[in-house]
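Asker: coords please:
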Amino acid sequence: MKEATTMVVVGADVHKRTHTFVAVDEVGKELGHKTFPATTPGHQDAVRWARARFGEELLWAIEDCRHLSARLERDLLTAGQSVVRVPPKMMAEQRRVARTRGKSDPIDALAVARAAQREPDLPVATHDETSRELKLLVDRRDDLVKHRTSTICRLLWHVHEIDPEFAPPKASLDRAVRQQQLADALARLPGIVAELARDELADVIELTRRINALERRITGLVEHAAPTLLAMPGVGALTAAKIVGETAGVARFKSEAAFARHAGIAPIPVWSGNTAGRVRLTRSGNRQLNAAVHRIAVTQIRLDGLGKTYYEKKKAEGMSTPEALRCLKRRLARVVFNHLVTDQITHKAASAPGLAAAA
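Answerer: The predicted model follows:
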């Protein structure tokens, strides 16, 4: 009788120039480790090394380090490998309780592999060009908004030094009319401070143009990729794009509960005896996803609809405001997940060769 093959988990500790891989068996015993360059040829060599040493049944566990791990993920998926993402917090806990003390790349990679073994329901990594494009565009827009905010702060200090009466209304310098009014006021003033203020205002105007152009591009993409999610009350184009980008393919989650846990929305039980049913906030999970669902919840509380009704019902049951908000966020996570699934099915059906030919 042929023996059943066992799944070998290969943990990866990722860096800019090198990645260290450690393979473990089904009980977490180290089978071998090796370091490769953080390049596509290096990743291909790592796959060949793992296959030659440990067989074809491999699961690659990668610490989720965003830009550091993105290229490795893509190369492994292109090579037909199974990949899961391990949250850094989970890896840190595994390293804390491990018998091996100290810190090194092999120790970190071993912690990643064992953390993946301990948590079999981690989200898998998938190829999803639409979500990746949205994530990159939204991240770029966020960076430009931060840059504009810091530039506006410097500009306002210079304006205050020139004349406090010139200061525009609060949070209004993203509007063309306010920018033009301030430009007209500064145009006729002499001195180095006015010169610097004019230069900074020009930067603000240019940054605003680029931010608005990115927002229009993001809106067009998300209207095509997630129309059902976009139609949900409280969801704007930027929030929908943030959710799609950070989800990185809803198919990698086995259930809406796994999605809620990944987003850090699944509450943690903290009850005992007479406090049965009490839960508390979790600080783990994807904070960007959590923030997006939080914005939806806060918006729905202000609107008449099912979200506000559910929130008020929970408060009437004796829950505090934070507890009721957490319950609403958990309910919204389920709705968001179902909308993402619907949009994915619709998008796949529209992209099917048969339907495309019929159209």
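
Asker: can you give me the helices for this structure?
Answerer: Assigned by DSSP state H, the helices in the chain fall at 40-54, 67-78, 88-97, 105-118, 129-162, 176-187, 192-225, 227-230, 237-247, 256-262, 287-302, 306-316, 321-351, 353-358.

Asker: Can you list the low-confidence ranges for the stretch 101-250 of the chain?
Answerer: The stretch 101-250 of the chain contains residues with pLDDT under 70 at 101-102, 127.

Asker: Contacts only, for H147.
Answerer: L207 (CB atoms under 8 Å, 6 or more residues apart in numbering). The C-beta positions use only the backbone N, C-alpha and C, and glycine is treated the same way.

Asker: follow-up on the earlier one: in CSV: the helices of the chain, plus distance to K29.
Answerer: Converted to CSV, the helices of the chain look like this (distance: least, CB to CB, whole Å):
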stretch, distance to K29
helix 40-54, 12
helix 67-78, 23
helix 88-97, 15
helix 105-118, 10
helix 129-162, 36
helix 176-187, 64
helix 192-225, 44
helix 227-230, 44
helix 237-247, 35
helix 256-262, 28
helix 287-302, 34
helix 306-316, 48
helix 321-351, 37
helix 353-358, 47
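
Asker: Of the ones you listed, flag the one that's most buried.
Answerer: Across the helices of the chain, averaging neighbours per residue (mean count of other CB atoms under 10 Å) puts helix 237-247 on top, at a mean of 25.

Asker: Output the contacting helices and strands for that helix.
Answerer: For helix 237-247, the packing partners by 3 or more CB pairs under 8 Å, 6 or more residues apart in numbering; DSSP states H and E come out as helix 129-162, helix 192-225, helix 227-230, helix 287-302, helix 321-351.

Asker: Mind giving me the packing neighbours of the third one?
Answerer: Just to be clear, that refers to helix 227-230. On a contact count with 3+ CB pairs under 8 Å, 6+ apart, helix 227-230 meets helix 237-247, helix 321-351.

Asker: mind putting the ones you listed in a markdown table, distance to H19 included?
Answerer: Below are those laid out as a markdown table (distance: least, CB to CB, whole Å):
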| stretch | distance to H19 |
| --- | --- |
| helix 237-247 | 23 |
| helix 321-351 | 30 |
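
Asker: Out of the ones you listed, the one nearest A258 is which?
Answerer: Judged by CB to CB, the one of the helices and strands packed on helix 227-230 that comes nearest to A258 is helix 321-351, at 9.0 Å.

Asker: Just want the angle from the closest one to helix 237-247.
Answerer: Using axes from the mean of the first three to the mean of the last three CA atoms, to 10 degrees, the direction of helix 321-351 lies 80 degrees away from that of helix 237-247.

Asker: so what's I268 bridging to?
Answerer: R280 (DSSP bridges).

Asker: Is there a neighbour count for it? I'd like the number.
Answerer: 11 (other CB atoms under 10 Å).

Asker: didn't it look like it was pressed against T282?
Answerer: Yes: using CB atoms under 8 Å, I268 is in contact with T282, at 5.0 Å.

Asker: okay, and the common contacts of those two?
Answerer: Looking at what touches both I268 and T282 (by CB under 8 Å, 6+ apart), there is no common residue.

Asker: coming back round to it: of the helices and strands packed on helix 227-230, which shows the lowest average pLDDT?
Answerer: Of all those, mean pLDDT reaches its minimum on helix 321-351 (a mean of 88).

Asker: Specify the angle between that one and helix 192-225 in degrees.
Answerer: Using the same axes, to 10 degrees: helix 321-351 against helix 192-225 is 60 degrees.

Asker: Please name every helix or strand in contact with helix 321-351.
Answerer: helix 227-230, helix 237-247, helix 256-262, helix 287-302, helix 306-316.

Asker: before we move on, the earlier item: relative to G32, which of the helices of the chain is closest?
Answerer: Comparing the helices of the chain by CB to CB, helix 40-54 comes nearest, at 5.8 Å.

Asker: now the angle from that closest one to helix 67-78?
Answerer: Using the same axes, to 10 degrees: helix 40-54 against helix 67-78 is 60 degrees.

Asker: elements contacting helix 40-54?
Answerer: Using 3+ CB pairs under 8 Å, 6+ apart, the elements in contact with helix 40-54 are strand 8-14, strand 18-24, strand 30-37, helix 67-78.

Asker: follow-up on the earlier one: how about a markdown table for the helices and strands packed on helix 237-247, with distance to Q81 added?
Answerer: What follows is the helices and strands packed on helix 237-247, written out as a markdown table (distance: least, CB to CB, whole Å):
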| stretch | distance to Q81 |
| --- | --- |
| helix 129-162 | 18 |
| helix 192-225 | 26 |
| helix 227-230 | 30 |
| helix 287-302 | 25 |
| helix 321-351 | 22 |
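
Asker: For V250, find the nearest of those helices.
Answerer: helix 321-351 (4.0 Å).

Asker: and that closest one, how far out from the chain's middle?
Answerer: Its chain's C-alpha centre and that of helix 321-351 lie 15 Å apart, by CA atoms, centre = their mean, to the nearest Å.

Asker: and if you look at stretch 236-254?
Answerer: The answer for stretch 236-254 is 8 Å, by CA atoms, centre = their mean.

Asker: can you check stretch 131-140 too?
Answerer: Put simply, stretch 131-140 sits 10 Å off its chain's centre (CA atoms, centre = their mean).
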